[in-house]
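Peer 1: sequence first, predicted model second:
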Amino acid sequence: MKLKLSPHWILLIPGLAMMLFFFIVPLGQIFIISFFESQTDGVFTFENYSRFLSDSHYLKILWRTIWIGFVTALVCLFLGYSLSYGIARAKEMYQNFLLLLVILPLLTSAVVRNFGWMVIMGKKGLINETLLSLHIISSPIEILYTPLGVIIAMTHVLLPFMVLVLYPILSSADLNIEHASENLGASPFKTFWLVTIPLSLPGIFAGTLLVFSIAISFYITPALIGGPKVPVMATEIYNQTINLLNWPYASSIAVILLIAVLIIISVYNKALSKVSNQGGGL
């Protein structure tokens with residue numbers, strides 16, 4: 001008896017094979033290595049996880065990573081929503097050009113952009129020199145190698161992703177609903193708060209989740225802008241693997257970060273399904 005595969009399964013095979021060999025298998029190896037004392041002895045242990053969870057230093061790194069990712073997602077949401085809304089409400093002949101301006105930074109290496117922020121945020125950078133010349137501050141302020149600097153630079157890097165998620169939803173919204181709200185006596189603010197935002201909630205959830213997921217696993221920006229003063233999970237994993245050659249412990253940190261992401265995603269999905277069941281608050 002011949003096994004007959006449906007066409008959609010045949011189309012899925014190449015993608016599933018890539019996911020298996022380039023994602024699932026390496027992830028499984030990382031999970032297995034995390035339970036070894038060292039990479040060579042093969043002794044099974046939970047010491048790596050207990051060491052992380054019992055050390056306040058590493059717990060602070062985990063909390064700092066989540067906090068920076070959360071704040072970055074909120075800032076990107078605030079800036080990205082206003083930018084997406086403006087592009088969606090602009091004349092059609094200008095929308096593609098404005099979207100091109102949003103996408104252009106993605107064509108530049110993130111390393112180059114972060115080096116640019118290092119120059120801007122340095123003690124003799126543009127920000128400090130401007131504030132000093134305006135006599136707003138009397139001495140240079142510390143922005144580089146601080147969580148604030150990491151959030152600013154990471155927002156610049158991840159903002160286009162938020163816009164690209166929100167713009168299609170805002171541009172496809174039926175403007176007649178907003179006009180109906182205004183005809184019924186609602187002010188522009190009430191229309192925006194009670195109509196536009198609820199209709200765009202799926203995009204808000206998707207955009208913030210995407211930016212948050214990238215932010216908490218980002219390495220380049222925290223390494224360059226934060227440096228050793230602002231360690232996060234990604235930089236700690238790099239330190240354990242490259243500098244200390246402790247692959248089992250680095251693997252356990254990676255697994256803990258993955259579990260934290262999965263927990264946050266599950267909470268997001270429950271919140272999104274609850275909002276969807278309620279009709280987006282309408």
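Peer 2: Nice, I can see it.

Peer 1: contact partners of the lowest-mean-pLDDT helix or strand in the chain?
Peer 2: When each helix and strand of the chain is scored by mean pLDDT, DSSP states H and E, helix 175-183 comes last, with a mean of 79. Residues outside helix 175-183 that contact it (CB atoms under 8 Å, 6 or more residues apart in numbering): 188, 190-191, 194-196, 199. For the C-beta atoms, the positions are set from N, CA and C on the backbone; glycine is no exception.

Peer 1: after that helix, which helix or strand is next?
Peer 2: helix 188-191 (DSSP states H and E).

Peer 1: now residue 165: how far from residue 66?
Peer 2: To residue 66, residue 165 is 21 Å away according to CB to CB, to the nearest Å.

Peer 1: again with residue 176
Peer 2: 41 Å.

Peer 1: in this structure, which spans are strands?
Peer 2: Counting by DSSP state E, the chain has no strands to list.

Peer 1: which of the contacts of helix 175-183 are buried?
Peer 2: 191, 195-196, 199 (16 or more other CB atoms under 10 Å).

Peer 1: quick one: which of these sit in helices?
Peer 2: Cross-referencing the buried ones among the contacts of helix 175-183 against helices under DSSP state H gives 191, 199.

Peer 1: re earlier: so how far is the least confident helix or strand of the chain off the chain centroid?
Peer 2: 34 Å (CA atoms, centre = their mean, to the nearest Å).

Peer 1: got it, and stretch 122-131?
Peer 2: From the chain centre to the centre of stretch 122-131 is a distance of 28 Å (CA atoms, centre = their mean).

Peer 1: contact partners of that stretch?
Peer 2: 118-121, 137, 140-144.

Peer 1: that one: end-to-end distance?
Peer 2: 13 Å (CA to CA, to the nearest Å).

Peer 1: what comes up buried for it?
Peer 2: Result for stretch 122-131 [16+ other CB under 10 Å]: buried residues 122, 125, 127-128.
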